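>>> Sharing a model that was predicted from the sequence below.
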Amino acid sequence: MNRYLRLAVILVTGSTLALALGACSKRQNGPPQFPPTAVQTALAVKMDTPVVIGAFGNTKDQVSIDVVPQVSGMLVKTFILDGAIVANGQPLFMIDPSDYAIRVRQADGLVAADHANLELSRLTLERNRPLLAKNMISAETFDTLQTKLDAATAQLQIDEAALDQARLDLSRCTVTSTVSGVCSKRFLDNGNLAMANQTKLTNVRSYDPLFVEFSVSEQYLDILRREMAAGKVRIEITPRGDTNSYAGELVFLDNAVDRQTGTILLRGLVPNPQMKLWSWQFVEVRILAGIARDAVMVPESAVQFGKDGPYAFVVTKDNKAELRLVKPGVRHANLLQIIEGVVPGEKMVVLGQLMLYPGATVMEAAAPAPPGKAPAGKPGEK
């Protein structure tokens, strides 16, 4: 029994020692290492890049006028159809001119009577002037005659002004367009009473050229101010659902940044001679704001956005992922300018950032095969 007991003790002791040695060995080797993360990378490059600022906005008529008559009366004629294209000075409507023609004749008669009265007063005064010199009439009597002449002159001026007003009212019976553009529908039919300065007959919008209003982030404020000070800034707009672009220029930069949105309002002017653009269309806008010299450009997919702002992963020389906070700039051809945080020649992670963390080991993943092309295999393998 003693021999078997000693053998059991030796076996137990050996097992314990083996476990202890194994544990020590694991502690010496450290925690298990994760395999490298497969990513795709691209180099940051330095290049001269067109500064193209994208935005969305709306077209807006340059002039919009509600056509309202300046005289009251019955609408007797309409010279246009709904939606007509009209020129500046073109007749649109006619208010019944009968009453206003009568007022012109009345005023004309008063002016004729004033001329006769004025002539009589002048002759009477001239006849009495020699009598005053011979003291055959008093100075008071002569002053009365002079006063009558002055009153007749004043009355003539009053009635001539009334005649001018009557003629003006008569001319206003024909309502004309004060701008070239496109009419809306007509709001009053013939036979209805139109009130002066109240009744809206139609609306005319001027469409050539056309305004475009949009907003951009305040980060572009310095660029836009510099380019507008240097000369004309070109823009291009593309309406929704249209494949054509229309060129114009930037003409207005608002005098303050919107505190709620952090954007600034801009306005462009686009020629529209063929009326292809319409007011309040939704358009994509591209501002061609010069050239960014020696800009550091990376693929747009390299930049991610986190709680601390934009960031990117850079692959170091020992194939480790390094997280960098970056300051992005302008976009061009699926590339994004990096103003701060990256230097030319550094390797940027463009695919696979989801599984990365600072210090992670990375390896280059195989690029996907182009569409329509099967991946390469062994000879004869299908």
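Yep, that arrived.
>>> hang on, isn't Leu131 packed against Ile137?
Yes - at 4.7 Å, Leu131 and Ile137 qualify as touching, with contact defined as Cβ atoms under 8 Å. C-betas here are computed from N, CA, C, even on glycine.
>>> Between these two, which has more neighbouring residues?
Ile137 (16 against 13; other Cβ atoms under 10 Å).
>>> For the more buried one, which residues are in contact?
The contact partners of Ile137, by Cβ atoms under 8 Å, 6 or more residues apart in numbering, come to Asn128, Leu131.
>>> Next one: it relative to Thr144, how far apart?
Look at Ile137 and Thr144: by Cβ to Cβ, to the nearest Å, they are 10 Å apart.
>>> In terms of pLDDT, where does the spatially closest residue to Ala162 that is not a sequence neighbour sit?
Excluding the flanking residues, the one nearest Ala162 by Cβ to Cβ, 6 or more residues apart in numbering is Ala107, at 4.8 Å. Listed pLDDT for Ala107 reads 95.
>>> Give me the neighbour count for Ala107.
Neighbourhood size, Ala107 [other Cβ under 10 Å]: 19.
>>> Contact partners for it?
With Cβ under 8 Å, 6+ apart, Ala107 has these contacts: Asp159, Ala162, Leu163, Gln165, Ala166, Arg167.
>>> Need the phi and psi values for it.
Main-chain dihedrals, Ala107, degrees, to the nearest 10: phi -70, psi -40.
>>> Then Gly83?
Backbone torsions for Gly83, taken as degrees, to the nearest 10, come to phi 80, psi 20.
>>> any idea of the pLDDT on it?
Note on Gly83: pLDDT of 92.
>>> Also Lys200?
On pLDDT, Lys200 comes in at 96.
>>> What of the one 4 residues further on?
Looking at Val204, its pLDDT stands at 95.
>>> and if you look at Lys307?
Note for Lys307: predicted pLDDT of 88.
>>> cool, the one 4 residues further on as well?
Confidence per residue is given as pLDDT, and for Tyr311 that number is 94.
>>> Could you tell me how many residues sit around it?
By other Cβ under 10 Å, the residues close to Tyr311 number 17.
>>> For it, give me its contacts.
Val303, Gln304, Phe305, Leu323, Arg324, Leu325, Val326.
>>> how near is it to Arg286?
Separation of Tyr311 from Arg286 (Cβ to Cβ) stands at 27 Å.
>>> now swap in Phe187 and tell me
According to Cβ to Cβ, Phe187 and Arg286 sit 39 Å apart.
>>> State the distance from Leu356 to Val342.
For Leu356, the distance to Val342 equals 16 Å [Cβ to Cβ].
>>> let me fix that: Ala107
On the measure of Cβ to Cβ, Ala107 and Val342 end up 83 Å apart.
>>> just Val362 next, same as before
Relative to Val342, and taking Cβ to Cβ, Val362 is found at 17 Å.
>>> One more: Asn117?
Separation of Asn117 from Val342 (Cβ to Cβ): 94 Å.
>>> so where do the helices sit in the stretch 1-150 of the chain?
In the stretch 1-150 of the chain, the helices defined using DSSP state H, counting those that start in this stretch lie at 2-29, 98-133, 139-171.
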